[in-house]
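[1] Could you look at this predicted model? Sequence included:
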Amino acid sequence: MTNFYNEIASNKRKSYLLITLFIITIIFFSYIIGAVFLGNIYAGIFIGFIISMIFTLIGYYSGDSLILQVSGAIPATKQEYPYLINTVEGLSIAAGIPIPKVYIIHDENPNAFATGRDEKHASITATTGLLKIMNRSELEGVIGHEMSHIKNYDVRFMTFVSIFAGVLVLLSDFFVRGFFYGGSRNRDENPGVVFLVVGLILAILTPILVQLIKLAISRKREFLADASGAELTKYPPGLASALKKLRDYKGSELKTASKATAHLFINNPFGKVSNWFSTHPDINLRIKKLEEM
């Protein structure tokens with residue numbers, strides 16, 4: 001039987017590890033910038049340290065707000081979405097955590113995600129498409145799944161992954177642009193070649209690194225959220241039925257989703273993806289496990 005407290009402690013440790021890795025990565029590339037672009041490695045490292053601290057603080061205190069903003073999420077009102085709000089309130093009481101804020105994305109793609117840094121600073125977002133096709137027990141299953149991500153501290157780790165992934169992409173773009181716009185105080189060092197080589201390496205490796213970081217979230221975490229969410233609602237068939245509807249959805253992709261945020265959603269917002277590259281476990285296996293509970 002899964003020990004949820006051990007999983008929560010593990011997620012907290014991994015969050016701190018990810019922050020450390022992020023700072024080291026930024027400082028490493030700052031060293032290169034200092035050596036090639038500024039002609040002073042110490043200046044580059046200092047700037048890198050400041051930048052890493054700024055982004056870490058932004059990720060910790062405002063990462064969830066940025067994710068909500070880029071996802072096109074807006075606050076849900078009780079007047080317009082009473083059942084969604086009531087469902088979140090009821091399940092948060094059952095879970096023994098503060099009531100998360102509730103947001104809506106106006107999109108036909110049925111999906112949902114949770115984000116935040118802890119139980120006191122968390123939110124749950126659902127698309128209008130999800131509300132349109134889910135019945136009462138199915139919606140409760142989905143919200144229970146997202147509530148479990150909050151209670152298990154998955155949201156903090158997943159938020160940092162999104163910020164880290166975005167910064168890696170920006171670094172790749174910076175080095176490529178550095179080649180085209182020139183570079184160093186000493187032109188004889190031919191910095192353009194260095195920027196090109198580093199930029200091309202980053203351009204090739206960044207998608208792979210980002211994917212590996214997302215997979216570090218682990219497909220096991222989705223199974224855990226399924227299990228603990230079903231335990232929360234006391235009705236595993238509800239989530240199983242919801243996942244079947246998500247699996248069978250044939251409409252458009254979620255317009256506001258990106259590669260940096262796709263792992264946050266209960267179902268891949270880009271449709272069916274090869275299991276090798278998917279941040280989510282096979283949905284049929286998830287359904288099977290729920291039906292066996």
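    Great, that's in hand.

[2] Mind listing what's buried along the helix or strand harbouring residue 137?
    Per DSSP states H and E, residue 137 falls inside helix 136-151. Residues 138-151 are the ones in helix 136-151 that count as buried (16 or more other CB atoms under 10 Å). Yep, even glycine has a C-beta here, placed from its N, CA and C like the rest.

[3] any chance of the residues you listed in a markdown table, plus pLDDT?
    Putting the buried residues of helix 136-151 into a markdown table (pLDDT from 0 to 100) gives the following:
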| residue | pLDDT |
| --- | --- |
| 138 | 97 |
| 139 | 97 |
| 140 | 97 |
| 141 | 97 |
| 142 | 97 |
| 143 | 97 |
| 144 | 96 |
| 145 | 95 |
| 146 | 95 |
| 147 | 95 |
| 148 | 92 |
| 149 | 91 |
| 150 | 92 |
| 151 | 88 |
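
[4] between those, which is closest to residue 73?
    Minimum distance to residue 73 across the buried residues of helix 136-151 is 13.0 Å, recorded for residue 146 (CB to CB).

[5] The closest one: what's its closest spatial neighbour, skipping adjacent residues?
    Leaving out its chain neighbours, the residue that sits closest to residue 146 by CB to CB, 6 or more residues apart in numbering is residue 114, at 4.0 Å.

[6] Which pLDDT value belongs to that neighbour?
    At residue 114, the pLDDT value in this model is 94.

[7] That one and residue 40, how far apart?
    Between residue 114 and residue 40 the computed distance is 44 Å (CB to CB, to the nearest Å).

[8] Residue 56 too?
    For residue 56, the distance to residue 40 - CB to CB - is 24 Å.

[9] Need phi/psi at the closest residue in space to residue 107 that isn't next to it in sequence.
    Excluding the flanking residues, the one nearest residue 107 by CB to CB, 6+ apart is residue 127, at 4.7 Å. Dihedral angles of residue 127 (phi, psi; degrees, to the nearest 10) stand at phi -90, psi 160.

[10] can you pull the pLDDT of residue 127?
    97.

[11] Please name the bridge partners of it.
    Here residue 127 shows beta-bridge partners residue 105, assigned using DSSP bridges.

[12] Give me the helix or strand of the chain that scores worst on average pLDDT.
    One helix or strand of the chain scores below all others by mean pLDDT, DSSP states H and E: helix 191-216, with a mean of 64.

[13] Can you give me the first-to-last residue distance of stretch 110-122?
    21 Å (CA to CA, to the nearest Å).

[14] swap that for stretch 101-119, please
    End-to-end distance of stretch 101-119 (CA to CA): 11 Å.

[15] Just the buried positions in it, please.
    Buried-residue list, stretch 101-119, by 16+ other CB under 10 Å: 101-105, 107, 109-117, 119.

[16] so which of these comes closest to residue 287?
    residue 110 (15.3 Å).

[17] does that closest one sit in a helix, a strand or a coil?
    Under DSSP: H, G, I helix; E, B strand; the rest coil, the three-state class of residue 110 is coil.

[18] now residue 226
    Assignment for residue 226 (three-state DSSP): helix.

[19] Surely it and residue 291 touch.
    No - applying CB atoms under 8 Å, one finds residue 226 not in contact with residue 291, separated by 11.2 Å.
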